[in-house]
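Asker: Just a sequence and a predicted model for now, questions to come.
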Amino acid sequence: MVRGGGGADAEGWRVRRPGRLSLALAGAIAIAATLAVLFGESVLDPAQLARAFTDPSSGPAEVLWAVRAPRAATALMVGAALGLSGAVMQGLLRNPLADPGVLGVSALAALGAAVAIVLGWAALPGAVEVAALMGAALAGGLLVLFSARVRSPEALILFGVAVSSFAGAATALIFNLSPSPIATAEVMSWLLGSVQNRSWIDVAWVAPAVLAAAGLAALAAPGLRMLSLGEETARTSGLPMARLRLLALLAASLATGAAVAVAGVIGFVGLAAPHLVRTAVRGDPGRLLLPSALAGGLMLVLADLLARVTPTDQELKLGVFTALVGAPLFALIAWRAAREWRL
């Protein structure tokens, strides 16, 4: 009886652990977001901070609520989108090195934005964002069509690498042929990734897309959990693989497209966030989704805060900052995966 009770307690802890982790991450996000609003390149003294909370029309209030708060909220939504899409891709492909960047979704979204900028559409409200989302949708559609004909996860990764390489080459061609140095600089700034000068309109634009992607991912979660037992086992258990691939790829493409549309290309968050929380969920890809989204949001809020307060002549681009931190982590994950991961 004691042994059975211990097993029940252990099982209960495994069930509660993802929930406790999500609550802890949510609390950390609240603290990080508060710091991101209170601190920045411009230092506000206690009197100015007090005025920001008591006088909505004051200069300090504008700094806090019209500049820093929407910027932090945008970083949170973008990070959550990237963390979620990374967890979905890693679960679908059963590969710890998979993320939307590897599958070409980020690259085609960036290509769409680059084309819109070079064609002069940046002056039209929302044109660049829509172009980026269309690029991500194209990548998702290509991946869905390919996966319908080829079942191998390795083949899907190779196809995604090919799409990413083509999109990168096309973007480089745009740099080469762009007649305007201003447009070239705008494209470069977009590719470096940033949430600078984002407003509540950007938050309102990205939030519905992220929520829709989260809904699709939630529908795919049971299938991802079953798929972790192996594709043959999942198939014989009645798992509709075509439906699972469709839901997962749509969720990842929508989340990544929204993130790139608002903030440009920001790498390594989708790769790193699931790894930071995977141990706590015992590798369950279904329970990994929410903690990965929260971890991605926390990572990007903190990264943007550090990029802002780092004493440099020009503010560090967020994509550059995450790459500097994420590249060593990627190398560590690849080294560990080479020894431990089994498809």
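Answerer: Arrived safely. Numbers count the residues shown, from 1 in each chain.
Asker: what about the protein, any weak spots by pLDDT?
Answerer: 1-18, 330, 333-334, 336-343 (pLDDT under 70).
Asker: Do a quick rundown of the helices in it.
Answerer: Along the chain, counting by DSSP state H, helices occupy 2-38, 46-54, 59-62, 69-93, 105-118, 127-149, 153-177, 181-192, 200-227, 231-236, 241-263, 269-277, 289-309, 318-340.
Asker: could those be laid out in JSON lines, adding distance to residue 99 and mean neighbour count?
Answerer: (Each C-beta comes from the backbone N, C-alpha and C, glycine too.) Supplementary listing: those in JSON lines, determined by distance: least, Cβ to Cβ, whole Å; neighbours: other Cβ atoms under 10 Å:
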{"stretch": "helix 2-38", "distance to residue 99": "19", "mean neighbour count": "13"}
{"stretch": "helix 46-54", "distance to residue 99": "38", "mean neighbour count": "13"}
{"stretch": "helix 59-62", "distance to residue 99": "37", "mean neighbour count": "15"}
{"stretch": "helix 69-93", "distance to residue 99": "4", "mean neighbour count": "30"}
{"stretch": "helix 105-118", "distance to residue 99": "8", "mean neighbour count": "27"}
{"stretch": "helix 127-149", "distance to residue 99": "13", "mean neighbour count": "21"}
{"stretch": "helix 153-177", "distance to residue 99": "10", "mean neighbour count": "16"}
{"stretch": "helix 181-192", "distance to residue 99": "17", "mean neighbour count": "16"}
{"stretch": "helix 200-227", "distance to residue 99": "14", "mean neighbour count": "19"}
{"stretch": "helix 231-236", "distance to residue 99": "20", "mean neighbour count": "13"}
{"stretch": "helix 241-263", "distance to residue 99": "9", "mean neighbour count": "26"}
{"stretch": "helix 269-277", "distance to residue 99": "4", "mean neighbour count": "26"}
{"stretch": "helix 289-309", "distance to residue 99": "11", "mean neighbour count": "26"}
{"stretch": "helix 318-340", "distance to residue 99": "10", "mean neighbour count": "15"}
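Asker: Could you dump those helices into TSV with distance to residue 283 added?
Answerer: Output for the helices of the chain, formatted as TSV (distance: least, Cβ to Cβ, whole Å):
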stretch	distance to residue 283
helix 2-38	11
helix 46-54	44
helix 59-62	46
helix 69-93	10
helix 105-118	24
helix 127-149	23
helix 153-177	16
helix 181-192	34
helix 200-227	10
helix 231-236	16
helix 241-263	17
helix 269-277	10
helix 289-309	12
helix 318-340	11
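Asker: Give me the residue at the spatial middle of this protein.
Answerer: By Cα atoms, centre = their mean, the chain has its centre lying nearest to residue 82, at 0.9 Å.
Asker: In contact with it, which residues?
Answerer: 99, 100, 255, 256, 259, 266, 269, 270, 273, 296, 300 (Cβ atoms under 8 Å, 6 or more residues apart in numbering).
Asker: Quick check: the gap between the first one and residue 205.
Answerer: In other words, residue 99. 23 Å (Cβ to Cβ, to the nearest Å).
Asker: cool, and the third one?
Answerer: Plainly put, residue 255 is 14 Å away from residue 205 if you go by Cβ to Cβ.
Asker: Pretty sure residue 85 sits against residue 250.
Answerer: No: contact criterion Cβ atoms under 8 Å: residue 85 and residue 250 do not qualify, at 10.6 Å.
Asker: which neighbours do these two share?
Answerer: With Cβ under 8 Å, 6+ apart, residue 85 and residue 250 have common neighbours residue 213.
Asker: Can you tell me how far the residue nearest to residue 84 when sequence neighbours are not counted is from residue 165?
Answerer: Closest residue in space to residue 84, ignoring its immediate chain neighbours: residue 293 at 4.1 Å, by Cβ to Cβ, 6 or more residues apart in numbering. Distance, residue 293 to residue 165, using Cβ to Cβ: 28 Å.
Asker: Residue 321: what's it in contact with?
Answerer: 303, 304, 306, 307.
Asker: if I read this right, residue 195 contacts residue 301, doesn't it?
Answerer: No: the criterion here is Cβ under 8 Å, and residue 195 misses it with residue 301 at 9.5 Å.
Asker: Give me the common contacts of the two.
Answerer: residue 75.
Asker: In contact with the nearest residue to residue 144 once chain neighbours are set aside: list those residues for me.
Answerer: The shortest distance from residue 144 to any non-neighbouring residue, by Cβ to Cβ, 6+ apart, is to residue 249 (5.2 Å). Residues near residue 249 by Cβ under 8 Å, 6+ apart: 92, 140, 143, 144, 147.
Asker: Now tabulate those in CSV and tack on distance to residue 324.
Answerer: CSV is the format used below for the contacts of residue 249 (distance: Cβ to Cβ, whole Å):
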residue, distance to residue 324
92, 29
140, 29
143, 29
144, 34
147, 33
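Asker: Looking at these, which one is closest to residue 52?
Answerer: For the contacts of residue 249, the closest approach to residue 52 (Cβ to Cβ) belongs to residue 140, at 41.8 Å.
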